[in-house]
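A.B. asks: what follows is a predicted protein model with its sequence.
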Amino acid sequence: MVINNRGNLKQWRLRKFFAFLLGMVLIVNTVPAGIASMVFFYNPENSVDNFAMMKSEFDGFLSSQGDFSFQPFSERATFEAMLADKSKTGIYLLSSSHFTQLKAKMPLDAKLVGVSKGAFEQRKILVTKDIANISALQGATIAGSGSEEYLRNQLEHMLGTEYSVIMPKIKLLNVPKDIDALMAVGFGVATAAISSEGSLTKLGVINPKQHAQLKILANGEKSLMLIVATFKSEQGEIDTPLLKVIEAMGQQPKGVQELKMLGLDGWKRIDTLDAAVVKQLGMSK
């Protein structure tokens, strides 16, 4: 009798063990391999005051749409190291210039481009108040939003090789937004500002008097706004669920709020753009 009870107990334990294994297989199978669940963000064109707050805000929105989360980066090298780690599948938010550089080394595919006031391109300009010409910028303080590397690259493109000798003598003042850079010039804190054309127009609405005192000293080239990218896959559109959430942000109040943190009010699909525009990203249509 004792022997039979032990045998039954052994069989019962085996059944429990196999049931557990079956449950684990079912759980694993409910999470499709390769489906993106995280948004990775790095943009040297914007200064972020509080990355923890940014993550908290985006996590709140994304988690309400599914099992999604947000990870911002402050360092380019760390962001690129994450991209090189193929085990981390996700959606990537980065500047168009950075995307073009990375696409030469990685199989990235641009899916969406940011939109602000109906425009998906922007031009950076150098704005001043009292400076008569570029040569007078020697030793000047120039305000701008973004990393020092980004701001100096913008200046080099706008000023050209003719004025490369004054570049090392220019001091940079980092501010959160373009509009802050323009106001720094208006209040005499900076000699000039690197700003977008749109921000200068916005200043004209906020402070017409200050706007009237400013003038454009140099122009940069037009570039696309923030890019949403994925890795190319032989399995097709594996990132569709999270991509749809990102694309539809402008249709929800909470999503609109998060877009404002990126300086945007919506997204536009890359495959709807003209071939000449898509070519800027090193892609063909």
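C.D. replies: Okay, I see it.
A.B. asks: tell me where the model's unsure across the stretch 151-285 of the chain.
C.D. replies: 234-239, 285 (pLDDT under 70).
A.B. asks: ok, which stretches of it are strands?
C.D. replies: Assigned strands in the stretch 151-285 of the chain, in chain order: 171-174, 192-196, 215-224, 227-231, 266-269 (criterion: DSSP state E, counting those that start in this stretch).
A.B. asks: pull out the buried positions in the third one.
C.D. replies: Within strand 215-224, the residues that count as buried by 16 or more other C-beta atoms under 10 Å are 217-218, 220, 223-224. (Glycine included, C-beta is placed from N, CA and C.)
A.B. asks: and if you look at the first one?
C.D. replies: By 16+ other C-beta under 10 Å, the buried positions in strand 171-174 come out as 172-173.
A.B. asks: picking up where we left off before, and of the strands of the stretch 151-285 of the chain, who's closest to residue 252?
C.D. replies: Smallest distance to residue 252 across the strands of the stretch 151-285 of the chain (C-beta to C-beta): 11.3 Å, for strand 266-269.
A.B. asks: quick one: contacts of that closest one?
C.D. replies: 111-115, 120, 228, 246-247, 249-250, 259 (C-beta atoms under 8 Å, 6 or more residues apart in numbering).
A.B. asks: let's see that with 10 Å instead.
C.D. replies: With C-beta atoms under 10 Å, 6 or more residues apart in numbering as the test, strand 266-269 has contacts from 110-120, 224-228, 243, 246-251, 255-256, 259.
A.B. asks: which of those residues count as buried?
C.D. replies: Buried among these (16+ other C-beta under 10 Å): 110-116, 120, 224-228, 243, 246-247, 249, 255, 259.
A.B. asks: from those, which land in helices?
C.D. replies: 243, 246-247, 255, 259 (DSSP state H).
A.B. asks: how is this protein carved up into domains?
C.D. replies: 39-119+225-281, 122-222 (automatic domain parsing).
A.B. asks: so for the last one, first residue to last residue, what's the gap.
C.D. replies: Just to be clear, that refers to domain 122-222. Counting by C-alpha to C-alpha, to the nearest Å, you get 5 Å between the two ends of domain 122-222.
A.B. asks: do the same with stretch 165-177
C.D. replies: 28 Å.
A.B. asks: per-residue pLDDT of the closest residue to residue 226 other than its chain neighbours, please?
C.D. replies: Distances taken as C-beta to C-beta, 6 or more residues apart in numbering put residue 114 closest to residue 226, at 3.9 Å, once the chain neighbours are dropped. Looking at residue 114, its pLDDT reads 97.
A.B. asks: which residues does residue 114 contact?
C.D. replies: If you count contacts by C-beta under 10 Å, 6+ apart, residue 114 has them with 43, 93, 95-96, 120, 122, 224-228, 259, 262-268.
A.B. asks: recalculate using a threshold of 7 Å.
C.D. replies: 120, 225-226, 262, 264, 267 (C-beta atoms under 7 Å, 6 or more residues apart in numbering).
A.B. asks: can you list those residues in JSON lines and add distance to residue 131?
C.D. replies: Shown next, in JSON lines, are the contacts of residue 114 (distance: C-beta to C-beta, whole Å):
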{"residue": "120", "distance to residue 131": "31"}
{"residue": "225", "distance to residue 131": "28"}
{"residue": "226", "distance to residue 131": "30"}
{"residue": "262", "distance to residue 131": "31"}
{"residue": "264", "distance to residue 131": "31"}
{"residue": "267", "distance to residue 131": "37"}
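A.B. asks: max pairwise distance over these: which two?
C.D. replies: 120 and 262 (13.2 Å).
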